[in-house]
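Participant: sharing a sequence plus its predicted fold:
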Amino acid sequence: MDIVLLPLLQVIQIALQLFIYALIISAILSWLVAFNIINTGNQFVSTIGYFLHRVTEPALRPIRRIVPDLGGIDISPILLILFIFFLQGVLSNVAAKIIQVS
């Protein structure tokens, strides 16, 4: 059982870490676009922005519905990253328990 479960937990950990990177890059890109440092008329920037929006928005949308508006400051990525850190800790503990049992 642990032959399959441990590598599966590692793949989930890596996927969660990549999602955190996508959230951070998406937030930074939105700031750069908002301050007119990067122009979305550039096809490369537009493609990256579209991809990041499509990847991160389904996870951020439910948080944005719950969290009140803070005057233009969106803290939903921070809350999602904190939740992912919590989830990674839980997965690490599960993996440690699996290793102890075997």
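Facilitator: Now that the structure is in, tell me what you want to look at. Residues are numbered from 1 along each chain as shown.

Participant: what packs against the helix or strand Phe83 falls within?
Facilitator: Using DSSP states H and E, Phe83 sits in helix 76-101. For helix 76-101, the contact count by 3 or more C-beta pairs under 8 Å, 6 or more residues apart in numbering; DSSP states H and E identifies helix 2-34, helix 43-66 as packing neighbours. C-beta: built from backbone N, CA, C; applies to glycine.

Participant: tell me how far the residue nearest to Leu60 when sequence neighbours are not counted lies from Leu16.
Facilitator: Closest residue to Leu60 apart from its sequence neighbours, by C-beta to C-beta, 6 or more residues apart in numbering: Ser76 at 4.8 Å. Here the criterion is C-beta to C-beta, to the nearest Å. By it, Ser76 lies 17 Å from Leu16.

Participant: still on that earlier bit, ok, the residue nearest to Leu60 - contacts?
Facilitator: Leu60, Ile63, Arg64, Val67 (C-beta atoms under 8 Å, 6 or more residues apart in numbering).

Participant: mind putting these in TSV, neighbour count, distance to Leu32 and pLDDT included?
Facilitator: Listed next are the contacts of Ser76 as TSV, based on neighbours: other C-beta atoms under 10 Å; distance: C-beta to C-beta, whole Å; pLDDT from 0 to 100:
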residue	neighbour count	distance to Leu32	pLDDT
Leu60	19	18	96
Ile63	16	22	96
Arg64	16	21	93
Val67	14	23	93
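
Participant: ok, residues contacting stretch 37-57?
Facilitator: Stretch 37-57 is contacted by residues Phe19, Ala22, Leu23, Ile25, Ser26, Leu29, Ser30, Leu32, Val33, Pro77 when judged by C-beta under 8 Å, 6+ apart.

Participant: same question, stretch 91-102
Facilitator: Counting by C-beta under 8 Å, 6+ apart, residues outside stretch 91-102 touching it are Asp2, Leu5, Leu6, Leu9, Gln10, Ile12, Gln13, Leu16.
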